[in-house]
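K.L.:
A structural model of the following input is requested.
(chains A, B and C)
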Amino acid sequence: MLVFTVLSVSVVLIVGIGLYYKSIPVLDHSSWWTLLTSSQWKPLKGLFGFFPFIMGTLWVTAIAIIIALPLCLLTSFYITEYAPNRVRKILVPFVNLLSGIPPVIFGVWGVLFIIPLIQNHIAPHFVEFSTGYSVLAGGIVLAVMIFPLIVSIVCEVLNTIPRELKDASLALGATKWETIRKVSLRKAKPGIIAATVLAISRAFGETIAVLMVCGNNSVVPHSVFDPGYPLPALIANNYGEMLSIPMYESALMFAALLLFIIILVFNIISRVILARLERKLAI
Amino acid sequence: MIRRKLEENFFRILMVLATIVVAGSFFLIVGTIVYKGVPFMNWDMVTKIPGGGFYIGKEGGVLNAIIGSLYVAGGATILGLFISIPVAIYINMYMGGKNLIANTLRIAFDVLFGIPSIVYGAFGFLIMVYFGIRASLLGGIVAVTLLVIPILVRTLDEVLRTVPRELRDASLALGATRWEMSKVILRQIRPGIFTAILLSFGRAIGDVASVLFTAGFSDNIPTSLHQPAATLPLAIFFQLGSPVEEVQGRAYASALILTIVVLLITVLSSLLAKRFSKNNIR
Amino acid sequence: MTNNPHISIQHLNVEIGNQQILKDISINIPNKKVISIIGPSGCGKTTLLKSFNRLLDDTADVKVTGKVLVDGENIYDPDVEVTHIRKKMGLLSQRPYPLPMSIYDNVAYGPRIHGTRKKTDLDEIVETQLKATGLWNEVKDRLHAPATRLSIGQQQRLCLARGLAVEPEIILGDESTSALDPVSTSIIEDLFIKLKEKYTIVLVTHILRQARRVSDYIIFVYMGKIIEFGPTEELLLNPKEELTKDYVKGFIS
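P.N.:
As a prediction, this is how the structure comes out:
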């Protein structure tokens, strides 16, 4: 049993080491700096610049968080402070059911609903032409995918705020919203940050849903209506060719390693924040 | 004062709107899938494997993918259980469940839980290459098992933590060995184990990135571990990419099938979770 | 007892869930005095107190009938602005709950919400109230430190200063010294005695000694009903009702 446990945990290490090992060829070929900042992606010539893909990932994630965070905060406040019990009991299951939907279904929905929406109704106001396949689409789909994550953590954190603290603010003549803004938000800040960090790491790694709506064009996006090519999509799309072109496999493994490291770091940060919160409240 | 009241009401309306968007998106998504998928649903979809030219519009169904997904998810869950149950028991029973080492392990598994499936897919691929396994049912199972282990460990751990200390102590006091005590506890948390199984099965069946490199794809139902296996998510993906409208429609129908299966599993598991907490010793 | 009561309660009934917590309460709270509400646990004392500033509004499943008149105005009138009512009352709860901000901001919280913006005005308010509760000398050098760093006794005095900063007319105390050590307790008790020159003070307490020391009048509540109401010494030493006698016996030494 001990063996199993140690084995499982060391999977983290093994995965990291394995990916690194496989990335060595491409790392030997170009420096870390070139890999991360160059925009030239010509595998046949051995040029691997990851910059467009890193930017693609950042754009999509940023859009997702910008959309999701305010919506989820407002929703969490409503659920914990305003919603009558009956309404709450119906609402919460549906938010949670969202987390059970497989990513590929989100992708299909994105293609069926979001792409036409952007192409026909949103983009015409802003740009001349857009296929709808864009980082905006990726961001929207991602946002909906992380709704349940943020809402559940923030609600949990808000529920730990003692009733009497809010009463103290109300007793001074503050309105409910003022109390939320000045007291609850402040108290819940660490939890909200942890939830955001966790959501970001989830968004970074989401592959299939984003792939289906992003356009997969390896250029750096300059507006929300441009197509993008996030890192996970890169890996997923090209695995077929990676065996035939030298160093391609290594490059893709490097991409996986990048993802792995970033997500690892984000995950640890947010877990540490959450754990510290838990400890503080348990005393 | 009026300003404050207006502010309160303004944000109240904003909050309700936000909640409608968030909770309503579930209906929006399922609704779209149903709306687009139902017209293309027929018995053939569920009962036949693709005939020649399926992807350009000819006969057949996605039975290959349905069975393939069941095999992969089922295999991964079973294999995962073999590894996760001992781990969870070890953390809780042998290490006392609350000390520093146990908690570090828990954080490690939480981190593993957060790693995206594509990393597991890539890593699974590496393992396959190392062992000389081709893209096949076995490869898919290996990769998905990696994905599923953190989910199982985490769920089982939470369930085991609810077992009151006294129960453990009581059976130990009666002279049982730690292993015998563990068996007793396992029986008590049986519903919790089912919940864990359902949760990981649901995740496994819907995931794409982990099977993308590792399970391959085939129009047939695999008859051995070494044959490539089709999976529903991949089937949806490929069908969607076809230029033929008829095939795209089939993608929607396949998506509908997958959605129904996963939703059923999710609802079942949360019902079980509720039943579990009702029957447990508190 | 007086012809111009500050708070006048008429036929107040409070139901929470299916339970009737307060049954037909009618009483007049006299102006600028200290009144203690005593009674066994669970008899409704805190509910009664919370009905004064409508903090019951947020509890689930609560039904309130009857009138509570403050300065002649029924606070349960649907047209009434709740925050306005609550401003008139300062609440001190059982355990101190400093807001998650600095000492200065805690005291300034109320005035800021109600419109006071100028720094000089706020500075003055903070200093006045901290002095009134005897905290000024202890904290004047660290006004912007987080309030949670104070000791419990100091925190409770801070909460009192915070409550006074909104210029209430009435102070409500819900067993406000039960979490404090004896020294802090007596400081707060002294404060109550001093403050009654300006405010009407209603305290819930289960410490009879405290009630005797601090209050002018005592209300004895049992199972949601008011059993007896009278001046402190009279009620404690010469109770008229059987139930009151049973409760205070053993106290008289």
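
K.L.:
can you list contacts of stretch B:147-162?
P.N.:
A:8, A:11, B:76-77, B:80-81, B:83-85, B:87-89, B:91-93, B:97, B:106, B:109-110, B:112-113, B:115, B:117, B:120, B:185, B:189, B:192-193, B:195-197, B:199-200, B:203-204, B:207, B:210, B:276, B:280 (C-beta atoms under 8 Å, 6 or more residues apart in numbering or on different chains). The C-beta positions use only the backbone N, C-alpha and C, and glycine is treated the same way.

K.L.:
please produce a ChimeraX select command covering the buried subset of those residues.
P.N.:
Selection command for ChimeraX covering only the buried members of these, criterion 16 or more other C-beta atoms under 10 Å in any protein chain shown:
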select /A:8,11 /B:76,77,80,81,83,84,85,87,88,89,91,92,93,97,106,109,110,112,113,115,117,120,185,189,192,193,195,196,197,199,200,203,204,207,210,276
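
K.L.:
only the buried residues of whichever strand or helix holds residue B:239, if you could.
P.N.:
Assessed by DSSP states H and E, residue B:239 sits inside helix B:232-240. Neighbour-count burial for helix B:232-240, counted by 16+ other C-beta under 10 Å, picks out B:232-240.

K.L.:
kindly report the same for stretch B:116-130.
P.N.:
Applying 16+ other C-beta under 10 Å to stretch B:116-130 flags B:116-128 as buried.

K.L.:
could you do stretch C:185-198 as well?
P.N.:
C:185, C:187-189, C:191-192, C:195-196.

K.L.:
might you list the low-confidence residue ranges for chain C?
P.N.:
C:1-3, C:250-253 (pLDDT under 70).

K.L.:
which bits of it sit near chain B?
P.N.:
Chain C comes close to chain B at residues C:81, C:83-84, C:113, as judged by C-beta under 8 Å from any C-beta of the partner chain.

K.L.:
for the stretch 151-283 of chain A, same thing?
P.N.:
Residues of the stretch 151-283 of chain A lying near chain B (C-beta under 8 Å from any C-beta): A:151, A:175-178, A:198, A:201-202, A:204-208, A:212, A:232, A:235-236, A:239, A:252-253, A:256, A:259-260, A:263-264, A:267-268, A:271, A:275.

K.L.:
among the residues you listed, which are in reach of chain C?
P.N.:
A:175, A:178.

K.L.:
among the residues of the stretch 151-283 of chain A next to chain B, which ones are buried?
P.N.:
Here, 16+ other C-beta under 10 Å leaves A:151, A:175-178, A:198, A:201-202, A:204-208, A:212, A:232, A:235-236, A:239, A:252-253, A:256, A:259-260, A:263-264, A:267-268, A:271 buried among these.

K.L.:
got the residue ranges for the strands in chain C?
P.N.:
C:7-16, C:19-29, C:34-38, C:62-70, C:73-74, C:89-92, C:170-174, C:200-204, C:217-222, C:225-231 (DSSP state E).

K.L.:
could you check how far the first one is from the centre of its chain?
P.N.:
With C-alpha atoms, centre = their mean, to the nearest Å as the basis, the distance from the averaged C-alpha position of strand C:7-16 to the chain average is 17 Å.

K.L.:
pull out the buried positions in it.
P.N.:
Applying 16+ other C-beta under 10 Å to strand C:7-16 flags C:7-9, C:12, C:14, C:16 as buried.

K.L.:
got the angle for it vs strand C:34-38?
P.N.:
Orientation note: strand C:7-16 sits at an angle of 30 degrees relative to strand C:34-38 (axes from the mean of the first three to the mean of the last three C-alpha atoms, to 10 degrees).

K.L.:
now the longest one
P.N.:
Calculated by the same axes, to 10 degrees, strand C:19-29 forms an angle of 150 degrees with strand C:34-38.

K.L.:
what packs against strand C:19-29?
P.N.:
On a contact count with 3 or more C-beta pairs under 8 Å, 6 or more residues apart in numbering or on different chains; DSSP states H and E, strand C:19-29 meets strand C:7-16, helix C:45-52, strand C:225-231.

K.L.:
next one: the last one to chain centre, how far?
P.N.:
Spelled out, it's strand C:225-231. 18 Å.

K.L.:
residues contacting that strand, please?
P.N.:
Against strand C:225-231 from outside (C-beta under 8 Å, 6+ apart): C:1, C:23-27, C:216-221, C:235, C:239-241, C:243-244.

K.L.:
with just CA atoms, put that strand into CSV.
P.N.:
Extracted as CSV, the C-alpha positions of strand C:225-231 are listed here (Å, rounded to 0.1, in the frame of the first residue of the first chain):
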residue,chain,number,x,y,z
LYS,C,225,-43.8,36.3,28.1
ILE,C,226,-43.0,39.3,30.3
ILE,C,227,-43.5,38.1,33.8
GLU,C,228,-42.5,41.2,35.8
PHE,C,229,-41.2,44.7,35.2
GLY,C,230,-40.0,47.0,37.9
PRO,C,231,-37.2,49.0,39.5
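
K.L.:
export the buried residues of stretch C:185-198 to a markdown table and tack on distance to residue B:1?
P.N.:
Output for those, formatted as a markdown table (distance: C-beta to C-beta, whole Å):
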| residue | distance to residue B:1 |
| --- | --- |
| C:185 | 38 |
| C:187 | 36 |
| C:188 | 32 |
| C:189 | 36 |
| C:191 | 31 |
| C:192 | 31 |
| C:195 | 27 |
| C:196 | 30 |
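
K.L.:
close to chain A: what parts of the stretch 151-282 of chain B are there?
P.N.:
So far as C-beta under 8 Å from any C-beta goes, the stretch 151-282 of chain B lies against chain A at B:153, B:202, B:205-209, B:212-213, B:233, B:236-237, B:240, B:251-252, B:255, B:258-259, B:262-263, B:265-267, B:270.

K.L.:
may I see the ChimeraX selection of the buried members of those?
P.N.:
The ChimeraX selection below is limited to those of these classed as buried (16+ other C-beta under 10 Å):
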select /B:153,202,205,206,207,208,209,212,213,233,236,237,240,251,252,255,258,259,262,263,265,266,270
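
K.L.:
bridged to the residue nearest to the spatial centre of chain C, which residues?
P.N.:
Residue closest to the average C-alpha location in chain C (C-alpha atoms, centre = their mean): residue C:172, at 1.1 Å. Beta-bridge pairing of residue C:172 under DSSP bridges involves residue C:91, residue C:202.

K.L.:
one step back: any of the residues of chain C next to chain B buried? List them.
P.N.:
C:83, C:113.

K.L.:
count of residues packed around residue A:229?
P.N.:
27 (other C-beta atoms under 10 Å in any protein chain shown).
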